[in-house]
Structures are given as structure tokens and as C-alpha cells.
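# my questions are about this predicted structure, shown below with the sequence.
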Amino acid sequence: MSYGIEFVPGNISVKQVVNYTKLAESKDIDYAWITNHYNNRHCYPTLAAIAMSTDTIKMGPGIMNTFTDTPAAIASFMCTLNEISDGRAVLGIGPGDLSTLPKLAIHGEKPVARLKEGVQQIRALCAGEEVKKTGEMQFFDYDGAKLTGVQLPGKKGIPVYIGAQGPKMLELAGAMGEGSLINASNPKDFEIAIPIIKKAQEAAGRKKHDVGAYTAMSIDKNEKKARNAAKIVAAFIAAGSPPALLERHGLDAGNVAAIKDALGRFDFKAVGGLVTDAEIDAFTIAGTPDMVVQKCEDLRAAGVTQIIFGSPLGPDMTNSIRLLGKYVV
């Protein structure tokens, strides 16, 4: 098992993200994943700052997409980050946030096919190839593209982790990715996802795949504080979940509809009253160190090989990182 941690450079500054990452590195956490949202501080300079301030932790965007960034731009950035970090760069890439793209006047059409082509071209460019037009690509049929002013990562390349949830994207992750980043905190979700990944992985003849559980984590020695800190995150996940997912976790669809309505009114006090233990346990890992350790063991048993400690981490981020290092990692 390896461990990662997610930071969102939204409510916290780049300097704070760097300091939290240095603390995570000191607690033997293996990966730092920095979120990519157009309305927050950009993940590229944030990752560069992390690379220059750390020694061992691997790092990458969590996650990029080929709608807002081109494969060529992503390849150039990843090679640059890999050079700055002395070979510690990893790429998290996915289909794109379908709730965000329309706000940017982007139509998220054919996300699986687009991502597949994007990963192919990123790998070719990072390998130093001149990518010539073939007539076989719909989205990124480059015509003579080549990285000429960057240090290439060498034969091993840069590991690609594909953000996946639906069956088609899980298949793509298994067929093309060194790993996957799955937004889930509950073993029930991985019992469904992992067989899809493994089947595609075997069909593609790939030997290794790092299954990442991109969890919503909240840890504190005070159980109530930890679980209260997870309520809003659980609410947003529940509100955006399809009926089949709610049914899988035995959640009350009527209560979830009420949560969604309260979120729409920005009535977070009402949200806090509506979110129950059922939503918290379905969509987060929240509680005392002992509770978190047990839930991480459950994920390991389900086949997860990297646990990513995602937002909110807990009521006090510094304390949460220290607790994760002491009791979980």
C-alpha cells in the first residue's frame, strides 16, 4: 500500500500548500495530488513550487483533462515538472468535470475517445517522438509536433493515472494507465470498479496497475469533530450521485433530494442537519484514528493499492496530517 494526499489551492495559498506537502513528506506520504480547477490557483505553478521545496514525495495534477489543456501543453508541463523534481512527476488525467465545462463554453463530447487520444499523444511527445499526422485521430491528429526544448523523462516515462468512475473510463484506465484515481471512499464501490479495471488490464497485457482510492478524509481524535467536518463534502457527493449509486449504499433518495435543495439555496446550516451517518459513511472516511485505520484496511482488502487522503482532511489540517502520519501511514 502507498499513500497520497490531495490539496486544493482554493481556500489556502500556494505557500500553505507547499508547507502542508512538506509536512506530508515528513510523515512518509508518497504522493501529493494537486487539484485542477480553473477558479482556483493554478496547479502548474503550485506543483513547480512543491517540486523545488521537497525531496522524496511524488507529485502531479489531480487531475488534468484534454478539454481545457491540450496534450502538447500537458506533455510539456509534465516533462518540465519531472525535470524540476528530479524524476518525481506523475500525471493524473481524466475526462473533465462535466459540471464545470459548460461554464467555460466547452461541450464535453466523447470524453473517453478524447482522453484516449490525449494519453497516446502525451506519451509519444514525452518519449521524444515527432508526432505526425495519421488521419486516424479525431481530436489530436498532430502534424509534426515534437518537444525540442525540454528534458525528456527517459525510457520509464511519466506514470499516467486515469481519473475514472463509469465503466468505459474504468476500462480505459485498465487498458492504458499505470494507475487509476477513483473518487470513492467505500469498499462497495471498488468491488465493482476493480474487476472492470483488471479485465481491461489483462486484455491489454499490462502487468501492474495502482488502484487509487481518492477518498474524502476527515480525521481527528474527537469523533464528532471529525464527522462534522466531513458533512459538507458528503452532502455534495450525495447530491451529485446517480440513483444507482444511492441505492448501492442504501441511502434515502428523499433525504438526498432535500440535501441537494439546501445546497442549491446555499443553506449550509440546513445541510448540516440533513446529512446523516449514512451519507458520511457512504462517501467519506471520517472519524478517530482507529476508525480511519479500520476503513483503510477495508479498502486494502477490497483491492485498493493507494489511499489518497482527500479534502477536507479534518477540522485542523495540520493536526490531521500529523494524525495520518502517526496512525495510518
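Arrived safely.
# ranges for the helices of the stretch 1-150 of the chain?
14-26, 43-53, 71-84, 111-126 (DSSP state H, counting those that start in this stretch).
# elements contacting the third one?
Spelled out, it's helix 71-84. Other elements packing on helix 71-84 under the criterion 3 or more Cβ pairs under 8 Å, 6 or more residues apart in numbering; DSSP states H and E are helix 43-53, strand 58-61, strand 91-94, helix 111-126. C-beta: built from backbone N, CA, C; applies to glycine.
# export these to JSON lines and tack on mean pLDDT, mean neighbour count and distance to residue 219?
Shown next, in JSON lines, are those (pLDDT from 0 to 100; neighbours: other Cβ atoms under 10 Å; distance: least, Cβ to Cβ, whole Å):
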{"stretch": "helix 43-53", "mean pLDDT": "98", "mean neighbour count": "20", "distance to residue 219": "22"}
{"stretch": "strand 58-61", "mean pLDDT": "98", "mean neighbour count": "25", "distance to residue 219": "22"}
{"stretch": "strand 91-94", "mean pLDDT": "98", "mean neighbour count": "28", "distance to residue 219": "23"}
{"stretch": "helix 111-126", "mean pLDDT": "98", "mean neighbour count": "21", "distance to residue 219": "33"}
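# quick check: which of the ones you listed is nearest to residue 306?
Nearest of the helices and strands packed on helix 71-84 to residue 306, taken as Cβ to Cβ: strand 58-61 at 10.5 Å.
# helices of the stretch 201-329 of the chain, start to end?
223-239, 243-248, 253-264, 268-274, 277-283, 289-302, 317-323.
# still on that earlier bit, nearest to residue 299 among the helices and strands packed on helix 71-84 would be which one?
Using Cβ to Cβ, those put strand 91-94 closest to residue 299, at 18.5 Å.
# give the buried residues for the longest strand anywhere in the chain.
The longest strand of the chain (DSSP state E) is strand 210-219. For strand 210-219, the buried set under the neighbour-count rule, 16 or more other Cβ atoms under 10 Å, comprises 210, 211, 212, 213, 214, 215, 216, 217, 218, 219.
# which residues are contacting stretch 44-53?
9, 14-15, 17-18, 21-22, 32, 34, 57, 59-61, 77, 80-81, 84-85, 88-89 (Cβ atoms under 8 Å, 6 or more residues apart in numbering).
# restricted to buried residues, select those residues in ChimeraX.
To isolate the buried ones among those in ChimeraX, judged by 16+ other Cβ under 10 Å, type:
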select :9,14,17,18,21,32,34,57,59,60,61,77,80,81,84,85,88,89
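# returning to that earlier point: kindly reformat the helices and strands packed on helix 71-84 as TSV containing distance to residue 267.
Formatted as TSV, those follow (distance: least, Cβ to Cβ, whole Å):
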stretch	distance to residue 267
helix 43-53	31
strand 58-61	33
strand 91-94	31
helix 111-126	32
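# between those, which one is closest to residue 189.
strand 91-94 (16.2 Å).
# does anything pack onto the closest one? Which helices or strands?
strand 58-61, strand 64-65, helix 71-84, helix 111-126, strand 160-163.
# can I get those in TSV including distance to residue 251?
Formatted as TSV, these follow (distance: least, Cβ to Cβ, whole Å):
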stretch	distance to residue 251
strand 58-61	31
strand 64-65	29
helix 71-84	36
helix 111-126	26
strand 160-163	23
